[in-house]
Every structure is written in structure tokens, then in C-alpha cells.
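> What follows is a predicted protein model with its sequence.
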Amino acid sequence: MTTVATRQFRIRGRVQGVGFRYWTQREAQRLGLSGWVRNLPDYSVKAEAAGSDEQLDEFQRWLQHGPPGARVDQLEVSAVDEDELAGQAGDSVSFVILR
């Protein structure tokens, strides 16, 4: 049985206005992750993803570079405690873009 972990990602750089959320959703779905991604007022992007450690490691490697047209200057990663997940948006079978 595969253990499900959840990580939160904060991406800074040229990550808004370049389709970053849409490409992130596409990559997360390709990897079979669940979670969400959203733009933040400070022009960074935040994502939360759940899956196996292997899936999350591959997602994190992708986020370090992002899609064509993006420039990732900084990627912050943190594990999410199960207690923090209560009431979060998203569901267990999809990866969504939040507004």
C-alpha cells in the first residue's frame, strides 16, 4: 500500500501571466496527484498536492523549472500535517485551479 503525503509549494519568479497554473494542473494530473494551485496577491503561485513521495518528488522537480515562458527564482516546499488539511479546497481525486 502506498502512503499518501501532502506538500505545499510556494513558487516565486515570473510565474503569473505565463500559464503557470494551467501547466501545473496539467503536470499534476499527468502524475496522478490531487490538490490545487492558485495565484497570490504578491505575484507568487501556491500549490498543494497529495500523492506518493515519488509522485511529489517528480512534481517538485517540474516546479523548479515550470512551463515554457516561466522563470522560477525560488521554490519553497513544506510538508502539510493532516490536521491542517481539514477544510482545504480541492478533493481526493482532482487537481484544481483556485481563483
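Noted; the coordinates are in hand. Remember, predicted model here, so these are calculated numbers, not experimental data.

> For residue 19, the count of nearby residues, please.
Counted with other CB atoms under 10 Å, residues neighbouring residue 19 total 15. C-beta: built from backbone N, CA, C; applies to glycine.

> what's downstream of the lowest-mean-pLDDT helix or strand in the chain, the next helix or strand?
In the chain, no helix or strand scores lower on mean pLDDT, DSSP states H and E than helix 82-85, which sits at a mean of 62. Secondary structure here is assigned by DSSP states H and E; on that basis, the next helix or strand after helix 82-85 toward the C-terminus is strand 95-97.

> Identify the residues contacting that following strand?
Residues outside strand 95-97 that contact it (CB atoms under 8 Å, 6 or more residues apart in numbering) are 21-22, 25, 28-29, 33-38, 49, 89-90.

> how far is that strand from where the chain is centred?
Distance, stretch centre to chain centre, for strand 95-97: 9 Å (CA atoms, centre = their mean, to the nearest Å).
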